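J.: I would like to see how this sequence folds:
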Amino acid sequence: MPTVFQYQDAVMLVIGLVLLAVKLFAFASSLLFTGESYRAAGKASKLPWAAGLGVGVVLQVLLPPLNIISIVFTVAAFVFLADVRPALSSLRRR
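T.: Model (predicted):
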């Protein structure tokens with residue numbers, strides 16, 4: 001019979017994989033737009049976003065999913081997806 005710790009490990013694995021997928025998607029999305037698009041949208045330039053999200057992906061692989069550093073980069077990925085990406089996408093549609 002599985003123990004509580006085995007369930008905990010399974011849940012942590014699922015959380016880690018979901019957060020990795022979010023960070024990978026945000027990182028790939030940050031690379032799709034030009035630096036001019038970032039300036040036109042009034043957001044930080046492409047290099048800080050791409051570098052920060054890339055570091056977040058690497059640290060997600062190396063560190064446990066729910067430590068403070070991983071959470072900071074997860075918040076950055078969600079900020080990119082909720083604020084920056086829609087602003088960049090709206091420029092492309094015009």
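J.: all contacts plus neighbour counts: C-alpha atoms, from now on.
T.: Will do.
J.: packing partners of the host helix or strand of Pro48?
T.: Pro48 is part of helix 46-62, with elements assigned from DSSP states H and E. Other helices and strands packing on helix 46-62, by 3 or more Cα pairs under 8 Å, 6 or more residues apart in numbering; DSSP states H and E, are helix 4-32, helix 68-79.
J.: can you list the residues that contact the helix or strand just after the first one?
T.: If I follow you right, that is helix 4-32. For helix 4-32, the following helix or strand on the C-terminal side (DSSP H and E) is helix 35-41. Residues outside helix 35-41 that contact it (Cα atoms under 8 Å, 6 or more residues apart in numbering): 44-46, 87-88, 91.
J.: switch to 10 Å and redo it
T.: By Cα atoms under 10 Å, 6 or more residues apart in numbering, the residues outside helix 35-41 that reach it are 30, 42-47, 49, 84-92.
J.: same question, stretch 66-79
T.: For stretch 66-79, contacts defined as Cα under 10 Å, 6+ apart pick out 12, 15-16, 19-20, 22-27, 30, 49, 52-65, 80-82, 84-85.
J.: hmm, try it at 6 Å
T.: 23, 26, 56 (Cα atoms under 6 Å, 6 or more residues apart in numbering).
J.: got the phi/psi numbers for Pro64?
T.: phi -60, psi 150 (degrees, to the nearest 10).
J.: what is the burial count for it?
T.: 14 (other Cα atoms under 10 Å).
J.: helix/strand/coil for Lys43?
T.: coil (DSSP: H, G, I helix; E, B strand; the rest coil).
J.: give the contact list for it.
T.: Taking Cα under 6 Å, 6+ apart, one finds nothing in contact with Lys43.
J.: go again using 8 Å as the cut-off
T.: Val84.
J.: cool, Met12 as well?
T.: By Cα under 8 Å, 6+ apart, the neighbours of Met12 are Pro65.
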